[in-house]
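S.K.: Could you look at this predicted model? Sequence included:
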Amino acid sequence: MPLLERLARLSALLAGALIVGVALLTCVSLIGRNTTGATLAGDFELTGVAAGAAIALFLPWCQLRRGHIIVDFFTARAGARTNALLDRFGALVLGLMLALIAWRCTVGGLSAWRNHSGTMMLNFPEWIVYALMVPPLGLAAVIAVAQFARGLGEVAE
Amino acid sequence: MSGLAVAGYVFGLMLLLMALRVPIAAAMFSAGAAGYIAQGGWAPFAGFLNTQAYARFASYDLSVIPLFILMGHFATQGGISKALFEFASAVMARFRGGLAMASVLACAAFGAICGSSVATAATITSVALPEMRRHGYSGRLATGALAAGGTLGILIPPSVPLVIYAILAEQNIAKLFAAAVIPGVLAMVGYMAAIAIYVRVVPGHAPDGDQAGAMTMRALAGVLPIAIVFLLVFGGIYGGWFTPTEGAAVGASATFVAALLKRELTWGKFRHALYATAEASAMIFLIFLGADLMNAALALTQVPAQLAAVVTAWGLPPVGVVAAILLFYVALGAVMDELSMLLLTIPIFLPLVLGLDFGMSQEMVAIWFGVMVLMTVGFGLLAPPVGLNVYVVNGMARDVPVAESYRGVMPFLATDTLRTVLLLFFPAVTLWLVKFVR
């Protein structure tokens, strides 16, 4: 299995486990709140930050699978080669977008680290979330650029 | 350059990129970024982008989306669809065209734990299509009923597009879900009526009589998990025990446990559910980010605010304005998917609609409009040339030409139109249940 695919799979499964973990944690917190009255203070903030990391970690797999929706209405009659060429151009635009976001998230994360920004109740450090978001964003960008360079292949699950 | 001209260029660039097969998220993002930088310069743009991805991704309100998607995929992988269809057939088989009606019923029931129309259509198709073909249903009726039934997945709560609308419109998710229930049931009844009429008027598409399948314990036991999960999630949300996000978490966990108990959820299927959740969630959130850029750039031009003022000044009948917007959605739905349409247009259209006088509170107008939009984007899932649901169902019916499937959805589109017009003129039907939500 190529390296990029292996990393994308790992990233997606990690994020999936994170979301399953959030779901289970929420149940525990709910049972506590509605029975003994014991609350996990600020559990919703943990859900938010976990979701943030998970969404970014989902991106490389979506990129690899060409999961981003396109409008194929106007090019339905164009030849397969034209469309393949356009799709490579599309992958390049996506790659630049993801790279730009990864770069700006790095800047945003560094500033969150310097300012000690944290979430409202738990003061969970925001830079940790940024730090978890930047690598998968970068990976998704690399995958997109590779798709541009090599042409887009189908990746089976 | 005037704001209107900038808005025109930004929109034009976005449409051009989309037409060239650039993914919708990237087309919105690029055009929005260009418009933002042209008006505000690089530094404010860069500053906006420093925090925007974090703000969008790490949001408690939005985390409801991956959770509902995960719940839907656990349901899809959990092997409940077979028993569900058996149950629906036992209920409906006494009627002519009963198996097609059972498919619609099964879609509606599955839609009660799955918030995606494509997933609903695909899941029920996998069990219902072979049965219908085996009993002599035509490919046209079978695929048409399943594609239409799939749209119940987003009409009957939970619904991922409705969650996205609620977030965009800053409305209560629980109230929007409640508002979608009656339209969802009306849709189901309408689809069944369409089948009953179609099999009588156009002969040769359904057998004269289906053998009434007996209601077995197995079939009953099959719907039990769905009923329990649905009651748990929505009972909890409406009983005030938990928020919609918590409800989604409970639903995902409960569906996971139900699938485990059925001994259907292998490690492979579990992984499949995670991969599918990853793909769908990442796709949605990247469109979110693209639409953010687009809307930020358009807001700088002040065109949306001006547009709202202009339309209000025209003094058109409010219902006429909404009807025009809905027609626009039908047209746009021919080329675009429902989520991109919502994310792109709601920030522009909602202020416009809220500026009109319907004799209702703004909250009620926003809720009613959301359900109307949700139904209208459903047209795009069925109607040619795109009709994503038709593609998905037809793709699973190898022997049915796609033109037959498009013909098959026509009766259902007719009932969709009837229902939409009815609910357009009688908002009270949609809003009746909302009154009971605290």
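M.R.: Noted; the coordinates are in hand.

S.K.: What's the local residue count around residue 77?
M.R.: I'll assume chain A. Residue A:77 sits with 7 neighbouring residues when counted by other CB atoms under 10 Å in any protein chain shown. (Each C-beta comes from the backbone N, C-alpha and C, glycine too.)

S.K.: oops, chain B please
M.R.: Look at residue B:77: counted by other CB under 10 Å, it has 23 neighbours.

S.K.: and residue 36, what element?
M.R.: No chain specified, so I'll use chain A. Under the assignment given by DSSP states H and E, residue A:36 is not contained in any helix or strand.

S.K.: oops, I was thinking of chain B
M.R.: Per DSSP H and E, residue B:36 falls inside helix B:24-40.

S.K.: looking only at pLDDT, what's the mean for whichever helix or strand comes after that helix?
M.R.: Proceeding N to C from helix B:24-40, the next assigned helix or strand is helix B:42-57, under DSSP H and E. Averaged across helix B:42-57, the pLDDT comes to 95.

S.K.: For helix B:42-57, which residues meet the burial criterion?
M.R.: With burial defined by 16 or more other CB atoms under 10 Å in any protein chain shown, the residues of helix B:42-57 counted as buried are B:45-46, B:48-54, B:56-57.

S.K.: Name the residue of chain A that lies nearest to chain B.
M.R.: As assessed by CB to the nearest CB, chain B sits closest to residue A:52 within chain A, at 2.5 Å.

S.K.: dump the residue contacts of that residue.
M.R.: Shown in contact with residue A:52 (CB atoms under 8 Å, 6 or more residues apart in numbering or on different chains): A:129, A:132-133, B:54, B:57-59.

S.K.: Let me see the confidence value for it.
M.R.: Residue A:52 carries a pLDDT value of 95.

S.K.: Which helix or which strand is home to it?
M.R.: Using DSSP H and E, residue A:52 falls within helix A:43-64.

S.K.: Likewise for residue A:141?
M.R.: According to DSSP H and E, residue A:141 maps onto helix A:126-150.

S.K.: Helix or strand for the closest residue in space to residue B:271 that isn't next to it in sequence, just tell me which one.
M.R.: Among residues not flanking residue B:271 along the chain, residue A:13 sits closest, at 6.8 Å (CB to CB, 6 or more residues apart in numbering or on different chains). Using DSSP H and E, residue A:13 maps to helix A:3-34.

S.K.: which parts of that helix are buried?
M.R.: Neighbour counts over helix A:3-34 (16+ other CB under 10 Å) mark A:4, A:7-9, A:11-16, A:18-20, A:22-23, A:25-27, A:29-30, A:33 as buried.

S.K.: what's the model's confidence in the helix or strand containing residue A:108, averaged?
M.R.: Per DSSP H and E: residue A:108 is located in helix A:80-114. Helix A:80-114 shows an average pLDDT of 95 in the prediction.

S.K.: next one: stretch B:8-16
M.R.: The pLDDT scores in stretch B:8-16 average 94.

S.K.: Give me the residues contacting that stretch.
M.R.: B:27-28, B:30-32, B:34-35, B:294, B:297-298, B:301.

S.K.: list the contacts for the closest residue to residue B:97 other than its chain neighbours?
M.R.: Nearest non-adjacent residue to residue B:97, counting by CB to CB, 6+ apart: residue B:199, 3.9 Å away. When contacts are counted by CB under 8 Å, 6+ apart, residue B:199 is found next to B:96-97, B:100, B:141, B:205-206.
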